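S.K.: Need the 3D shape of this:
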Amino acid sequence: MALDESRENDEVFNEQGLTYVIEKDLYERIKPVKVDYVNSPMGAGFSIGSSLPAGAACGSSCSC
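M.R.: Numbering: from 1, shown residues only. Got it, this is the predicted structure:
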């Protein structure tokens, strides 16, 4: 997950005051996507889940 500006080939979502941007091709392969903010004993941060099987690579520069 990174900060980025939307481009022509991106899907843009606005949820609870946050804007999410994902490449349309990637989104079609992994939808639905769930982004959540969680607090756990290991710390706080974003949790990202999708229909992509665990351990499957979704791109050269990300680890969904």
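S.K.: residue boundaries of the strands in the chain?
M.R.: Using DSSP state E, the strands of the chain run over 10-15, 18-23, 33-40, 43-50.
S.K.: Can you check which of these gets nearest to Leu3?
M.R.: strand 18-23 (9.4 Å; Cβ to Cβ). In this view, the C-beta of every residue, glycine as well, is placed from N, C-alpha and C.
S.K.: Can you give the distance of that closest one from its chain's centre?
M.R.: Mean-position distance between strand 18-23 and its chain equals 8 Å (Cα atoms, centre = their mean, to the nearest Å).
S.K.: Measure how buried Ile22 is and give me the count.
M.R.: Neighbour count of Ile22, defined by other Cβ atoms under 10 Å: 20.
S.K.: on that earlier part again, tabulate the strands of the chain (a markdown table), appending distance to Ala2 and mean pLDDT.
M.R.: Conversion of the strands of the chain to a markdown table gives the following (distance: least, Cβ to Cβ, whole Å; pLDDT from 0 to 100):
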| stretch | distance to Ala2 | mean pLDDT |
| --- | --- | --- |
| strand 10-15 | 13 | 92 |
| strand 18-23 | 10 | 90 |
| strand 33-40 | 13 | 90 |
| strand 43-50 | 11 | 90 |
